[in-house]
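In: Provide a 3D model corresponding to the input given below.
(2 chains, ligands or ions: 3)
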Amino acid sequence: MTGTTAALHRPGTVGEATRVLAELGDADLLAGGTDLVPALRAGTRRPRAIVALRRVLELRTRGVGADGIVVGAGVTYAELAGWAPAPGLAATARAVGSAQIRNAGTVGGALGSANPRGDLLTFLTAADAQVLTCSARRGPRTVPLPDFLLAGRRRGELVTAVRIPPTHGPQVFLKIGGRQAAYPALVSCALVVDRADGRVGCAFGGVAATPPRARAAEQFALAEIDWSAVPTGARAQALARRFGELVTEAARSAAAQLPEGPRDPADYRWHAVGVLAARALARCLAAPAGAEGPAAEGRGGGTVAGS
Amino acid sequence: MTVAGTGQDGTAGTVGTAGTVGTAGTGRASGPVVRRVLAGGAGPGAGDDGYPGADAGPLAGVYRLLVDGTLRTVDGAWLGESLLTVLRERLGVTSVKDGCEQGRCGSCSVLLDGKLVTACTVLAADAADSRVTTLAGLPDDGLAPAVQAAFLRHGAVQCGFCSPGFVVAVTDLLGRRPDADEHEVREALAGNICRCTGYGRIVAAVRAVQEDLAGQAGRPGEAAPGEEAS
Ligand SMILES: Cc1cc2nc3c(=O)[nH]c(=O)nc-3n(C[C@H](O)[C@H](O)[C@H](O)COP(=O)(O)OP(=O)(O)OC[C@H]3O[C@@H](n4cnc5c(N)ncnc54)[C@H](O)[C@@H]3O)c2cc1C
Ligand code: FES
Ligand code: FES
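Out: Residues are numbered from 1 along each chain as shown, chains lettered A, B, ... in the order given. Ligands and ions are numbered 1, 2, ... in the order given. As a prediction, the model looks like this:
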């Protein structure tokens, strides 16, 4: 029984955590445990050692600066859910799991799991997020989220935070799936609008191994929509419909498609992300300019937030 | 990493064959994980000798958990054990129910440092300096007795399996948001599954507690009216 206490490490700082990770060479990081602990129980993960981050308070900070919003890896969904400076993140966090899961699950855990159906990944991809990591050997590093997801977490490395560049405009996150409290969504779609330069970031999850951006749809929105005189009525409807079609096309041609399941054949997924994207754009168009703060939308994980 | 055998029954040294119930337990990191049953008694101090070879991987060493205000020593648990497993099978706290072990049913809901979580998704050894509150640890002079009484009065308890988790979740909710509307109540309880009641009676019980609270605080009309007469 003795001699094995070393299997659980509970560092107090990022420096200590990276040092321990480097020394162990082979250990699993633990944050809220919502993904890892069931996996330990099922035996699908069998680490020789665990480095628990609960005590690393510096990972639990978040803030707004000139270069955007920075959210520490240890921040939970529940903490994000009511956070006014980041309405899109807040809306996405509210759409995750149950109260219990939101109280425990963290941003760092979402990135560590890199579940292709992870809600946060879809939103962060649309928002051009950067991932801040740290390791004992290489020190701190900042990588665009898609690169981080493609390469996977490096050995000895820990995610310390994510950074989102500042934007001013509506942000929408929508998803379709079974019981939200118990299962991840089948597909999701996020839209981040910057009224200032007319750019629209659009990403979708649940289709490919990592959430792709719908570039052609983004180009279309940039060319067709003047956010200082937002189209309404039939024109808005037509724009939303075409936008959705372009997102469906992007989904169809995305690389690394996820395997099909009985409840989500590929053509259903392509269609569904198009429907979500059209709905999301329609909501962005309808969002009042300058309206601050999040405005939650009905049921089914739908949320629009204007800022 | 070599792990010492538990050595409590003189047969340490045997490499544990996973799943061989009744064999002396030693903890080599090998063998598949097998579902552990409650054989051997789950009373306080049941200790580790009831679960031979049932798990694999390194041991967690000795640690202490603050459960309902009492420090409990956990000795001989596996590193990977959840708070649910340790509470039920090592500390005998059986009001925390084991429904899915995947964070999906809420029957293992507890408060960790005052926050509602599912015990099956918390690593027990990592809860060592946190406060764990189960049904029994909710204050006697707080909301919990009223919630429990309302559950009984409104038929919100049928088989009762989900009830401890619900009472913890409802007490947590009403402590923070006494005026929550029905939508918020349903949303806050979405992580707790009940296979018997259909939820209507559970929501009615919650609304009744809210009405009582509003009445006591002399704020008539502040809480929305309940759905069912009691
Ligand atoms: C019932 C249930 C419902 C759920 N519903 C949803 C949902 O609706 N939407 C959704 O998106 N997700 C959902 N999830 C998934 C889950 O909650 C999230 O993925 C969560 O963010 C994981 O965070 P955690 O802190 O619990 O991670 P943990 O389980 O502690 O860790 C997860 C992984 O990340 C690694 N890790 C942790 N921290 C770091 C770090 N700082 N740096 C690098 N790697 C790290 C770990 O090693 C591990 O591999 C659900 C889960 C459950 C159990
Ligand atoms: S047993 Fe923990 S949520 Fe079901
Ligand atoms: S009363 Fe039976 S599960 Fe809820």
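
In: so the residue in chain B that ligand 1 sits nearest to, which of the three states?
Out: Nearest to ligand 1 in chain B, going by Cβ to the nearest ligand atom, is residue B:103, at a distance of 3.2 Å. Glycine gets a C-beta too; all of them are placed from N, C-alpha and C. Remark: residue B:103 carries the secondary structure label coil [criterion: DSSP: H, G, I helix; E, B strand; the rest coil].

In: tell me, how many neighbours does it end up with?
Out: Look at residue B:103: counted by other Cβ atoms under 10 Å in any protein chain shown, it has 29 neighbours.

In: what's the answer for residue B:127, then?
Out: Taking other Cβ under 10 Å as the neighbour definition, residue B:127 ends up with a count of 27.

In: that one contacts residue B:64, correct?
Out: No - applying Cβ atoms under 8 Å, one finds residue B:127 not in contact with residue B:64, separated by 10.0 Å.

In: overlap in contacts, the two.
Out: Common contacts of residue B:127 and residue B:64 (Cβ atoms under 8 Å, 6 or more residues apart in numbering or on different chains): none found.

In: sec struct for residue A:54, please.
Out: Each residue gets one of three states, and residue A:54 gets coil by three-state DSSP.

In: interface residues of chain B facing ligand 3?
Out: If contacts are counted using Cβ under 6 Å from any ligand atom, the residues of chain B sitting beside ligand 3 are B:157-162, B:194-197.

In: same thing but at 5 Å, please
Out: Residues of chain B lying close to ligand 3 (Cβ under 5 Å from any ligand atom) are B:158-159, B:161-162, B:194-196.

In: which of these tops the neighbour count?
Out: For those, counting by other Cβ under 10 Å, the largest number of neighbours falls to residue B:162: 25 neighbours.

In: from residue B:192, how far off is it?
Out: 6 Å (Cβ to Cβ, to the nearest Å).

In: got it, and residue A:118?
Out: Remark: distance between residue A:118 and residue B:192 (Cβ to Cβ) = 23 Å.

In: do the same with residue A:196
Out: Residue A:196 is 44 Å from residue B:192, where distance means Cβ to Cβ.

In: so for those two, which sits in the more crowded spot?
Out: Neighbours around residue A:196 and residue B:192, counted as other Cβ under 10 Å, are more numerous at residue B:192. The numbers are 27 against 12.

In: domain-wise, how is the chain divided?
Out: Just so you know, I chose chain A. Dividing chain A into domains by automatic domain parsing, as the record does, gives the ranges A:9-113+A:130-164, A:171-286.

In: actually, chain B is the one I wanted.
Out: Taking automatic domain parsing as the domain assignment, the ranges for chain B are B:46-134, B:138-217.

In: need the winner for burial among those domains.
Out: Of all the domains of chain B, domain B:46-134 carries the top mean neighbour count, a mean of 22, counting by mean count of other Cβ atoms under 10 Å in any protein chain shown.

In: just the residues of chain B next to ligand 3: which are in strands?
Out: Of the positions in the residues of chain B next to ligand 3, not one sits in strands, assigned by DSSP state E.

In: possible to save these as CSV with distance to chain A and pLDDT?
Out: CSV is the format used below for the residues of chain B next to ligand 3 (distance: Cβ to the nearest Cβ, whole Å; pLDDT from 0 to 100):
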residue, distance to chain A, pLDDT
B:158, 21, 97
B:159, 20, 97
B:161, 16, 98
B:162, 13, 98
B:194, 13, 98
B:195, 13, 97
B:196, 17, 97
